[in-house]
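> kindly generate the corresponding structure for this input.
(one chain, ligands or ions: 1)
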Amino acid sequence: MIALYLILKVVVGAVASVLGFVRKELVLARAPMAPGFVPFIGHTITLFKAVGSYPCTWDLFAQWSTATAPKPVRVQIFTQHCVVIADPSTMKRVMSSNLKNYSKDLEFSYAPFLEILGTGLVTSGGDTWRKMRGHISKALRVEILDEIIAIATRAVDRLCVKLDAIKGTGESIDMENEFRLLTLQVIGEAILSLSPEESDELFPSLYLPIMDECNARSLSPWRTYLPTPEWFAHRKRVRQLDAAIIKIVRDRWDKKRSGQNVPDDILERVLDQELNEKRSEVERQLCYEIKTFLLAGHETSAAMLTWTMHELSNNGEATEKIRKESDKVFGRLKKDALPTRESLDTLDYSLAALKETLRLYSVVPVVNRVAEEDDDLGGVRIPKGTTVIMSLQGVHHREDLWPDPLVYKPERFTDPGFNENEGFKFLPFIQGPRNCLGQYLALLEARVVLCTLIRKYKWTKASAENGKKHTKAIPIAPANGMHFTVA
Ligand code: HEM
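You can find the predicted model right below:
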């Protein structure tokens, strides 16, 4: 009886899949098709070839979707129907005006990261997301941003000790790696009050290899199932990291409950709102949230800083403007005093330089969603179940929205007539209710770091490979590091 039930279930499931496939084919028939389509397997080969070459996958998505905008362009990966969009009007519909119709793409783009991110903010939906978004937004209110200035200053001062040691010697340093460590230390201290030594002990040995394996699994999904030595090592690291994070949350919970003094950090502010709930559930959820913050908050910020340093090393005029502007803020500080948030807000050109990096490099080049019901995007009917790939890079590189789109021009953002929040054309943090919760933190931290480094040192690129982009992972980082000498 059970066997019959199971067979029926498989047959019904298979028929439903075939009918769903045929329906998507029929509904999407009017959407323009991207080049390189092969019957049955769609664009799989074209996209597979693009991994590891130029133009890479994200470049193809940007080119294809810009060519058909405002209409979406149709792409098929194996049997998965996708459309790629690069138009502000369709972006607005997916990110904001019809947000409820678009859920996170957990089975495709986020799948290799789900064991780490679980029901954390980036990958959750519904009530869990609403509740935690409320709690975490509260925890990130302005006072914690003031703390970020102190935390980022300490982190960049430690980096300056390393730079002082090589200053004028001709020895080079890989700033991509340094920025990754720095942003991890900042986020580790901001969330959990970890010391730099604790961060360096926990993250480079556990967290970074875990993320490397997750990224490798996105391109080689079989790695998830094959019980290789790497598979066992990965599983062990995940367990160790979870245990370390849960211990931190548990200790903090116990201290708060027993009225002991606790540090004022993001964990503390979130826990304050959760103390009446069941401890085991809070521990589990916060473990996901902390790993989500580490992932969302460090590599993206590090990539932004890395590419900004690269562009500035080719642009003496922009570097000089940043130096002059930061002298006005940092040069007037008394010994050991910190800049205020208000004074950092006067660093318009430095902020523009960072934003222009986010536009030009689109460190998160695509963000995916799944249509829950049929919808119209740019005049094309999109059947439910379609993956909608939002090409942020496509929008950021559109000639009609950004003249000379491939030229680095921070001045775009300082033009008095320009409003980046208008018209869904500047989307590094996306827009709408699911926008990036850490954007102010990231830009504040980056201004402290960038201005300090530009004021203190003269940077010379030490490798012709500095500008070469990685084609395999998000966020977009250099392929072979970012090497400089300092004087
Ligand atoms: C330059 C730096 C950053 C960039 C470019 C960036 C970009 C993004 C993007 C594109 C998303 C949307 C992802 C999606 O919907 O699938 C996002 C979401 C998010 N980011 Fe960031 N991010 C940055 C820094 C940070 C930092 C520093 C933090 C934490 C301190 C952070 C925390 C988050 C969180 C929690 C979400 C999920 C929001 C939600 O779904 O409600 N990000 N970010």
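> for residue 110, phi and psi?
Phi and psi for residue 110, reported as degrees, to the nearest 10, are phi -90, psi -10.
> quick one: secondary structure of residue 75?
Counting by DSSP: H, G, I helix; E, B strand; the rest coil, the backbone at residue 75 sits in strand.
> let me see the contact set for it.
By Cβ atoms under 8 Å, 6 or more residues apart in numbering, the residues touching residue 75 are 34, 42, 43, 47, 61, 64, 82, 83, 84, 389. Quick note: C-beta positions are derived from backbone N, CA and C, even for glycine.
> and the gap between the last one and the ligand?
Residue 389 is 11 Å from the ligand, where distance means Cβ to the nearest ligand atom, to the nearest Å.
> for that residue, which non-adjacent residue is closest in space?
residue 84 (4.5 Å; Cβ to Cβ, 6 or more residues apart in numbering).
> any chance of the contacts of residue 75 in JSON lines, plus secondary structure, neighbour count and pLDDT?
Shown next, in JSON lines, are the contacts of residue 75 (DSSP: H, G, I helix; E, B strand; the rest coil; neighbours: other Cβ atoms under 10 Å; pLDDT from 0 to 100):
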{"residue": "34", "secondary structure": "coil", "neighbour count": "24", "pLDDT": "97"}
{"residue": "42", "secondary structure": "strand", "neighbour count": "22", "pLDDT": "95"}
{"residue": "43", "secondary structure": "coil", "neighbour count": "23", "pLDDT": "96"}
{"residue": "47", "secondary structure": "helix", "neighbour count": "18", "pLDDT": "92"}
{"residue": "61", "secondary structure": "helix", "neighbour count": "28", "pLDDT": "97"}
{"residue": "64", "secondary structure": "helix", "neighbour count": "25", "pLDDT": "98"}
{"residue": "82", "secondary structure": "strand", "neighbour count": "23", "pLDDT": "97"}
{"residue": "83", "secondary structure": "strand", "neighbour count": "27", "pLDDT": "98"}
{"residue": "84", "secondary structure": "strand", "neighbour count": "26", "pLDDT": "98"}
{"residue": "389", "secondary structure": "strand", "neighbour count": "27", "pLDDT": "98"}
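> next, the buried residues of whichever strand or helix holds residue 11.
Applying DSSP states H and E as the criterion places residue 11 in helix 2-27. Residues 24, 27 are the ones in helix 2-27 that count as buried (16 or more other Cβ atoms under 10 Å).
> follow-up on the earlier one: just the contacts of residue 75 now: which is nearest residue 468?
Minimum distance to residue 468 across these is 19.7 Å, recorded for residue 61 (Cβ to Cβ).
> show the contacting residues for that closest one.
75, 84, 365, 366, 389, 391, 393, 394.
> for residue 102, see how far away the fourth one is.
Summarising the geometry, the distance separating residue 366 from residue 102, computed by Cβ to Cβ, to the nearest Å, is 14 Å.
> now do the contacts for residue 448.
So residue 448 contacts 148, 149, 152, 153, 156, 339, 344 (Cβ under 8 Å, 6+ apart).
> ok, and the closest non-adjacent residue to it?
residue 152 (4.1 Å).
> what's the pLDDT at the one you found?
Predicted confidence (pLDDT) for residue 152: 97.
> just the closest residue of the stretch 301-450 of the chain to the ligand, please.
residue 438 (2.0 Å; Cβ to the nearest ligand atom).
> go ahead and confirm that residue touches residue 296.
Yes. Here residue 438 reaches residue 296: they are 6.2 Å apart, a contact under Cβ atoms under 8 Å.
> which residues are in contact with residue 117?
Here residue 117 is in contact with 110, 123, 288, 291, 292, 295 (Cβ under 8 Å, 6+ apart).
> from the chain's centre, how far out does the helix holding residue 11 sit?
Its chain's C-alpha centre and that of helix 2-27 lie 36 Å apart, by Cα atoms, centre = their mean, to the nearest Å.
> which elements pack onto that helix?
Judged by 3 or more Cβ pairs under 8 Å, 6 or more residues apart in numbering; DSSP states H and E, helix 2-27 is in contact with strand 80-85.
> and the contacts of residue 117, which of them are buried?
Buried among the contacts of residue 117 by 16+ other Cβ under 10 Å: 110, 123, 288, 291, 292, 295.
> quick one on the thing from earlier: list the contacts for the residue nearest to residue 448?
186, 444, 445, 448, 449.
> quick one: the first one from the ligand, how far?
Looking back up the chat, that one is residue 186. From residue 186 to the ligand the distance is 8 Å (Cβ to the nearest ligand atom).
> now that residue: which helix or strand?
Assigned by DSSP H and E, residue 186 falls in helix 175-192.
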